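Asker: coordinates only, sequence not included:
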């Protein structure tokens, strides 16, 4: 039901159509490859926006969406595992087919079937950016219990351990935000987690951003894990905010 509603909203708001669902490949326009996006953060729709406003296109999109769409066409995902056919005799739909790049940013939690599908997709050659923040530091002005609130604490999917990674969190660390190098740019960190590598994994991974991130070769694909979402949580694109997202995407996908 959520997927159907999402498709309706995308059509009403004139969003880009999803590319054809084939094996991992650079689908869609050559200048802006497709990027699958699954998140609980208000990156695509404004926080607290009403359904009527979204359908009518009367609300401005978040600045983070513009930063993500600078070099990509976004494909919103509600699930990662194949969706059964709605009609008898129909074929199931694979949400990841045709995508070569995927960003999962502070998800609400991945079902067992999602973990299996994600691992298979990466092993086959997909490139994944996985952002799992142990404790969000952004300000979200909605009442407690509102379903639109982001997940304050990331649920670590079992597939992370399968890839030889573990995320720990020191709640006594200095909460003051700081900028750290990542690739060719800088990203902010605030109460970030620390990523540990299994000894068997260390030879195909490297830790970066003062240990808050790691990039690993997994099968034919690549996984970049960041244990902090501060780069997506600024209230406005001031200073290096939007350039931080650009640096993160370039590190994960270029």
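Answerer: Received, thanks. As the structure is a prediction and not an experimental result, all values here were calculated from the model. Residues are numbered from 1 along each chain as shown.
Asker: check which helix or strand residue 173 maps to.
Answerer: For residue 173, there is no host helix or strand (DSSP states H and E).
Asker: my guess is it contacts residue 193. True?
Answerer: No. Because the distance of 9.9 Å does not satisfy C-beta atoms under 8 Å, residue 173 is recorded as not touching residue 193. The way it works is simple: take the backbone N, C-alpha and C, and place the C-beta from them, glycine included.
Asker: so those two - more neighbours on which side?
Answerer: Between residue 173 and residue 193, counting by other C-beta atoms under 10 Å, residue 193 is the more crowded of the two (25 against 13).
Asker: now the more buried one: closest residue in space, sequence neighbours ignored.
Answerer: Using C-beta to C-beta, 6 or more residues apart in numbering and skipping the chain neighbours, the partner closest in space to residue 193 is residue 227 (3.0 Å).
Asker: contacts only, for that neighbour.
Answerer: 132-134, 167, 169, 192-195, 212-213 (C-beta atoms under 8 Å, 6 or more residues apart in numbering).
Asker: again, but for residue 192
Answerer: 133-134, 173, 209-210, 212, 227-228, 230.
Asker: how much space separates the closest residue to it other than its chain neighbours from residue 212?
Answerer: Leaving aside its chain neighbours, residue 192 sits nearest to residue 228 (3.7 Å; criterion: C-beta to C-beta, 6+ apart). Taking C-beta to C-beta, to the nearest Å as the criterion, residue 228 is separated from residue 212 by 5 Å.
Asker: comparing those two, which residue is more hemmed in?
Answerer: Counted by other C-beta under 10 Å, residue 228 and residue 212 do not tie: residue 228 has more neighbours, with 29 against 22.
Asker: against residue 75, how distant is that one?
Answerer: The span separating residue 228 from residue 75 equals 24 Å under the rule C-beta to C-beta.
Asker: do residue 195 as well
Answerer: Following C-beta to C-beta, the distance that separates residue 195 from residue 75 is 27 Å.
Asker: with residue 199 instead?
Answerer: As for residue 199, its distance to residue 75 is 36 Å (criterion: C-beta to C-beta).
Asker: more neighbours, those two?
Answerer: Between residue 199 and residue 75, counted using other C-beta under 10 Å, residue 75 has the larger neighbour count: 25 against 7.
Asker: pretty sure that one is touching residue 37, no?
Answerer: Yes. Judged on C-beta under 8 Å, residue 75 makes contact with residue 37 at a distance of 6.7 Å.
Asker: the strands in the stretch 101-250 of the chain, which residues?
Answerer: 101-105, 127-131, 165-168, 178-182, 185-189, 194-197, 205-208, 213-218, 221-226 (DSSP state E, counting those that start in this stretch).
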